[in-house]
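Student: The amino acid sequence is not available; the structure is as follows:
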């Protein structure tokens, strides 16, 4: 990837002083916040105990690792980010941070977060954190993103691993319960991102990114959104099936699932562009509430004297 592709950024623009907020933006803080939250729920639900200081350290490592991979992702994608309205104001295409500084930040934070996780928590969680960072950078960003419309499907594994890392931080292993949490996020990712992509087909075409709407067309993408949504809603029943959660979560997840499927069905068959925007916005709220319900249910339903 050559810096010569940046025709929209003048050479002198890198002389501008970079504010701390620009470096923080490289870490994709909104994505990082969701990563930390799902990791925290994974830790909370895992059987076992960990000192509060170590819990904080583990969450910090996961947050920093997620941010590090985001910074390297922005370094790798700086050429296509400059071509898309949604991303062209990011620090690199806007010329507020140099490519070298962004790459250095990502590498140092990656090494630091994994090293601290290994030394302070355990090697299993550190290995999973390293695997998540590497998967996001090498498998998703470098290999899949510009080559296949399945980029989001396969690449979504990186975003689904944080609760598994949190679980392993407490237990030292990744069991069936942790994998169920992984599966929920993994199946949530395609409808979430495809809903966004439906409204940005021209931008993805211009950037040369083969998102599903670009390659397969809008009708096929709408159908994929619906059927992945069905699979995701079915997956949200698994915590009850395996005994990880109880009635409170089960009822709440079912109600949220019905709402999600109604919106997804409208996207699939009504073909109103506004429905895709509604699904994208609701999907964020939906995933947050699913994990809130998991945590609440764990406190109430599985507490001694209530769920027993």
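Tutor: Yep, it's here. Bear in mind that the values here come from a model prediction, so they are computed numbers and not experimental data. Residues are numbered from 1 along each chain as shown.
Student: buried set for stretch 51-69?
Tutor: 55, 57-59, 61-69 (16 or more other Cβ atoms under 10 Å). No exception for glycine: its C-beta is placed from N, CA and C like everyone else's.
Student: which of those residues sit farthest apart?
Tutor: In these, two members sit farther apart than any others by Cβ to Cβ. They are 55 and 69, at 21.8 Å.
Student: Restricted to strands, list the buried residues of stretch 51-69.
Tutor: In strands, defined here by DSSP state E, there are no members of these.
Student: Among those residues, which ones are in helices?
Tutor: Under the assignment DSSP state H, the buried residues of stretch 51-69 contribute 55, 57-59, 61-69 to helices.
Student: which one of those is nearest residue 187?
Tutor: Set against residue 187, the nearest of those by Cβ to Cβ is residue 66 (20.0 Å).
Student: wait, doesn't that closest one sit right on residue 32?
Tutor: Yes. The pair residue 66 and residue 32 qualifies as a contact (Cβ atoms under 8 Å) at a distance of 4.8 Å.
Student: Could you single out the nearest of the ones in helices among the buried residues of stretch 51-69 to residue 49?
Tutor: Taking those together and measuring to residue 49 by Cβ to Cβ, the closest member is residue 55, at 9.4 Å.
Student: Model confidence score at the closest one, please.
Tutor: Listed pLDDT for residue 55 reads 96.
Student: Name all residues that make contact with it.
Tutor: Counting by Cβ atoms under 8 Å, 6 or more residues apart in numbering, residue 55 makes contact with 43, 169.
Student: gap between it and residue 96?
Tutor: 35 Å (Cβ to Cβ, to the nearest Å).
Student: Name the residue closest to the centre of this structure, please.
Tutor: residue 159 (3.5 Å; Cα atoms, centre = their mean).
Student: quick one: contacts for that one?
Tutor: 31, 35, 136, 185, 189.
Student: Save those residues as CSV, and put in neighbour count too.
Tutor: Shown next, in CSV, are the contacts of residue 159 (neighbours: other Cβ atoms under 10 Å):
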residue, neighbour count
31, 15
35, 28
136, 23
185, 25
189, 22
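Student: out of those, what pair is the most spread apart?
Tutor: Largest separation among the contacts of residue 159 by Cβ to Cβ: 136 and 185, giving 13.5 Å.
Student: what about residue 284, how many residues close to it?
Tutor: Neighbour count of residue 284, defined by other Cβ atoms under 10 Å: 13.
Student: So which bits of the helix or strand it falls within are buried?
Tutor: Residue 284 belongs to helix 273-300 when assigned by DSSP states H and E. By 16+ other Cβ under 10 Å, the buried positions in helix 273-300 come out as 275-276, 279-280, 282-283, 286-287, 290-291, 293-295, 297-298.
Student: of those residues, closest to residue 145?
Tutor: When the buried residues of helix 273-300 are compared against residue 145 (criterion: Cβ to Cβ), the nearest one is residue 280, at 18.8 Å.
Student: Please name the residues that touch the closest one.
Tutor: 192, 195, 196.
Student: Who are the packing partners of the host helix or strand of residue 131?
Tutor: In the assignment (DSSP H and E), residue 131 maps to helix 123-134. If you count contacts as 3 or more Cβ pairs under 8 Å, 6 or more residues apart in numbering; DSSP states H and E, helix 123-134 packs onto helix 52-76, helix 99-120, helix 162-171.
Student: could you dump those to JSON lines with distance to residue 203?
Tutor: As requested, these are exported to JSON lines (distance: least, Cβ to Cβ, whole Å):
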{"stretch": "helix 52-76", "distance to residue 203": "17"}
{"stretch": "helix 99-120", "distance to residue 203": "22"}
{"stretch": "helix 162-171", "distance to residue 203": "28"}
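Student: Among these, which comes closest to residue 219?
Tutor: Across the helices and strands packed on helix 123-134 (criterion: Cβ to Cβ), the nearest stretch is helix 52-76, sitting at 30.2 Å.
Student: Show me what secondary structure element comes after that closest one.
Tutor: helix 78-81.
Student: how far away is residue 180 from residue 245?
Tutor: Taking Cβ to Cβ, one finds residue 180 at 10 Å from residue 245.
Student: list residues touching both of those two?
Tutor: Shared contacts of residue 180 and residue 245 (Cβ under 8 Å, 6+ apart): residue 239.
Student: ok, now which ones touch the residue nearest to residue 266 when sequence neighbours are not counted?
Tutor: Computed as Cβ to Cβ, 6 or more residues apart in numbering, the closest residue to residue 266 that is not its neighbour in sequence is residue 275, at 4.4 Å. Neighbour list for residue 275: 263, 266, 267 [criterion: Cβ under 8 Å, 6+ apart].
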